[in-house]
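[1] Sequence and predicted structure below; questions after.
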2 protein chains.
Amino acid sequence: MPPVNLKRLAQELNLSIASVSRALQDSHEVSSQTKERVRALATALNYQPHAYASSLRRNLSKTIGVVIPKVANHFFALAINGIEEVARQSGFQVLISLTHDDYAREVSIIQHMKGGRVDGLLMSVASGTEDFAHIKSLRESNIPIVFFDRVCAEVSTAKVTTNDYESAFQATEHLIQAGCRRIAHLLISNNLSIGQFRQQGYRDALLAHGCDVDPTLILHGVMDNEQNVALIRDLLLRRPDIDGVFASVERLAISTYRVCKELGRTIPDDIKVIGFSNLEAASMLDPPLSTVTQPAYDIGREAAKILLRALEKKKAILPSQSQVLKSELFQRQSTAAAPAR
Amino acid sequence: MPPVNLKRLAQELNLSIASVSRALQDSHEVSSQTKERVRALATALNYQPHAYASSLRRNLSKTIGVVIPKVANHFFALAINGIEEVARQSGFQVLISLTHDDYAREVSIIQHMKGGRVDGLLMSVASGTEDFAHIKSLRESNIPIVFFDRVCAEVSTAKVTTNDYESAFQATEHLIQAGCRRIAHLLISNNLSIGQFRQQGYRDALLAHGCDVDPTLILHGVMDNEQNVALIRDLLLRRPDIDGVFASVERLAISTYRVCKELGRTIPDDIKVIGFSNLEAASMLDPPLSTVTQPAYDIGREAAKILLRALEKKKAILPSQSQVLKSELFQRQSTAAAPAR
DNA sequence: TTTATCTACGTAAACGTTTGCGGAAAATGA
DNA sequence: TCATTTTCCGCAAACGTTTACGTAGATAAA
């Protein structure tokens, strides 16, 4: 059977393709009777416009790209939900691509996206990315971009982040007030501003409370979780005086739990642990994990909103403005102060 | 500045558009010197082919659609990773759309996908779906589809599942052997085969061990977690003799933990709990949760492989064959038998 | 009446790519 | 030498849309 496209509809209705197209767009240039005829046949034949043909002609894909490191991560999963919600309301599709925190893949993905596939981009930078030429090149393709969470300081555009410095400060302060004196900081090795902010918050909190910053207590984690467990084990064995751990990412907090169980260190008596995390089951852990929880869903929503507003106005270059949402600190068992004796 | 497309390359090289196109495809119809010239300029100008134009002309999008209920779910997140891995290796893009377990959205998404957007589809059916006309209509559009996990029995095509019946049987048996006599079964209300298989495994395990099946012990959960907590609380209060819970999905197991904490029932002494789950932190829960864990990543890989093989051979209709992968049962603290007295 | 405006539709070009066809020049065969 | 094949390239149509422009008829204004 012949495909059901505009030509087919036009033939069966004795109309021109143009009129059918206009009828379906509810143009004022076509009479209401013909509109009805067209719409009737369109639904009868279950006509579906060819999205790519339309994109090609209008130079608009009605699609936004989302480039993130991974999806098996509560934060990004929730952010996607927020993005998708906003996009759907505006009739946009969402094209998700995963970098797996790999620079080469990120470059390749951005290249692909540039070929007219997307109207705009939402992005959380891969931790391995140090050169940003591929991102800057989006300018020339007139593709606006909004960073969220893992922003790129070098590129001036709109950004949605959380108050990472303050949250890290609070988390560290919370550990100090719970009685910790030797606080380790676990982070994923990268030069992204987000990691720097969190580390700075950690450092400043220590200084503000008269503790000195010991660089050997700062551990740079890697991609592989097994390796992280080994690294953390080494650290805790080498420095038995560590009585607090501030994990910059969820995985490192979980790895710390694993190591503590293995070494027989009890949380929170021997070591207190707090970490950035969006884990729903945090309160069900043994012990319940104190967390800094980012408003992931809202971050996604806000980023998408900003991007869609820009697309609406056909602004390809966004003002370098950053919106900061607040994370929430949940105090749970893992950082409970020792009972007064 | 003018856009960099085939026309632009052709002009600058004094060639025809056709030759440039062929050169970039490494056609034998163009000399190796010209190929070099073309490739050189293409990389110099950072030429990126227009994916949609190519799709339109070749009637191929090099894209596979993934339609799933949600992404904030370890199982689906891992499955996506598997899918993405396979797709990337074959040069395919992955277009993810979320149904949020809503029938209307699922229909709308399938409609969109039919408009030439994707070459094939991977799908896990929404729990609310009861009519499958929208799925069957894909046949007419020549779009092959592979179901994974939440398959649709009514549609005959390739399917990738896990051994749900046996896993449920084993999980229930495990509870019985740990000493449980009154075992509740929590599931998400739906008429998908997957839910039926799991329930049947539960029933048969009870019968096989001489327990009778009590329909009032089977609880149909809903979308909202708070509501589920209330439902489970009611159930446990109404039936204080319940000493075991088999949760068909992760969320319901977590909700059970919450309720038990609230009611002061200790796991596993008062109640033992096991559930389907891909939660990485399952062993860190309080107490560590016994799980039936599906090989989510492999499921994604297998489903994608089957689909891509079909696309390779231009087979739009796949033989109704189902591949069954095995889930793994992890015994942890939450189902530990009471110490002999 | 004539002229101008409006309504409703068709014609055709364009978006960027791929590809069947044809053909000129070069290479090969006799 | 001529005939045949091979090599390399251009022309133009096509994919399904959208849209600038043209126009025939109807209506309104003069």
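    Structure received.

[2] contacting residues for the closest residue to chain B within the stretch 151-300 of chain A?
    The nearest approach of the stretch 151-300 of chain A to chain B comes at A:Asp286, 3.4 Å away (CB to the nearest CB). Backbone N, C-alpha and C define where each C-beta goes, glycine included. Contact analysis of A:Asp286 by CB atoms under 8 Å, 6 or more residues apart in numbering or on different chains lists A:257, B:284-288.

[3] Spell out whether stretch A:120-128 and chain B are in contact.
    No: residues of stretch A:120-128 are not located near chain B by CB under 8 Å from any CB of the partner chain, the shortest gap being 13.8 Å.

[4] okay, how far is it across that stretch, tip to tip?
    23 Å (CA to CA, to the nearest Å).

[5] Quick one: distance of that stretch to the chain centre.
    8 Å (CA atoms, centre = their mean, to the nearest Å).

[6] next one: stretch A:265-284
    23 Å.

[7] May I see the buried residues of it?
    Neighbour-count burial for stretch A:265-284 flags A:265, A:267-268, A:271-284 (criterion: 16 or more other CB atoms under 10 Å in any protein chain shown).

[8] swap in stretch A:233-243?
    Using 16+ other CB under 10 Å as the test for burial, stretch A:233-243 gives A:233, A:235-236, A:242-243.

[9] Residues contacting it, please?
    Residues outside stretch A:233-243 that contact it (CB under 8 Å, 6+ apart): A:179-184, A:216-217, A:219, A:259-260, A:262-263, A:265, A:270-272.

[10] Recalculate using a threshold of 7 Å.
    Outside of stretch A:233-243, the residues within contact range by CB atoms under 7 Å, 6 or more residues apart in numbering or on different chains are A:180-182, A:184, A:217, A:219, A:259, A:263, A:265, A:271-272.

[11] Name the nearest of those residues relative to DNA strand C.
    When these are ranked by distance to DNA strand C (CB to the nearest atom of the strand), A:Leu219 comes first, at 47.4 Å.

[12] can you confirm that closest one is in a strand?
    Yes: the assignment for A:Leu219 (DSSP: H, G, I helix; E, B strand; the rest coil) places it in a strand.

[13] Would you mind measuring from A:Ile271 to A:Val245?
    Separation of A:Ile271 from A:Val245 (CB to CB, to the nearest Å) stands at 6 Å.

[14] can you check A:Val273 too?
    Distance, A:Val273 to A:Val245, by CB to CB: 5 Å.

[15] and what of A:Thr63?
    From A:Thr63 to A:Val245 the distance is 42 Å (CB to CB).

[16] Those two: which has the busier surroundings?
    A:Val245 (31 against 21; other CB atoms under 10 Å in any protein chain shown).

[17] quick one, phi psi at that one?
    A:Val245 adopts backbone torsions of phi -130, psi 130, taken as degrees, to the nearest 10.

[18] picking up where we left off before, which one of the contacts of A:Asp286 is nearest to DNA strand C?
    Closest to DNA strand C, out of all of the contacts of A:Asp286 and judged by CB to the nearest atom of the strand, is B:Met284, at 50.1 Å.

[19] what does the stretch 1-150 of chain A put close to DNA strand C?
    Residues of the stretch 1-150 of chain A lying near DNA strand C by CB under 7 Å from any atom of the strand: A:14-19, A:28-31, A:33-34, A:53, A:56-57, A:59, A:116.

[20] of these, list those near chain B.
    When contact is defined as CB under 7 Å from any CB of the partner chain, these meet chain B at A:53, A:56, A:116.

[21] picking up where we left off before, in JSON lines, list the contacts of stretch A:233-243 along with pLDDT.
    What follows is the contacts of stretch A:233-243, written out as JSON lines (pLDDT from 0 to 100):
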{"residue": "A:Cys180", "pLDDT": "96"}
{"residue": "A:Arg181", "pLDDT": "94"}
{"residue": "A:Arg182", "pLDDT": "96"}
{"residue": "A:Ala184", "pLDDT": "98"}
{"residue": "A:Leu217", "pLDDT": "97"}
{"residue": "A:Leu219", "pLDDT": "96"}
{"residue": "A:Val259", "pLDDT": "97"}
{"residue": "A:Leu263", "pLDDT": "96"}
{"residue": "A:Arg265", "pLDDT": "96"}
{"residue": "A:Ile271", "pLDDT": "97"}
{"residue": "A:Lys272", "pLDDT": "98"}
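
[22] Now do the phi/psi pair for A:Glu312.
    With angles defined as degrees, to the nearest 10, A:Glu312 sits at phi -60, psi -40.

[23] and the gap between it and A:Val94?
    For A:Glu312, the distance to A:Val94 equals 17 Å [CB to CB].

[24] the more surrounded of the two?
    A:Val94 (21 against 9).

[25] what helices or strands is the helix or strand where the more buried one lies leaning on?
    If you go by DSSP states H and E, A:Val94 is part of strand A:93-98. Secondary-structure packing of strand A:93-98 (3 or more CB pairs under 7 Å, 6 or more residues apart in numbering or on different chains; DSSP states H and E): strand A:63-68, helix A:74-89.

[26] out of those, deepest packed?
    strand A:63-68 (a mean of 26; mean count of other CB atoms under 10 Å in any protein chain shown).
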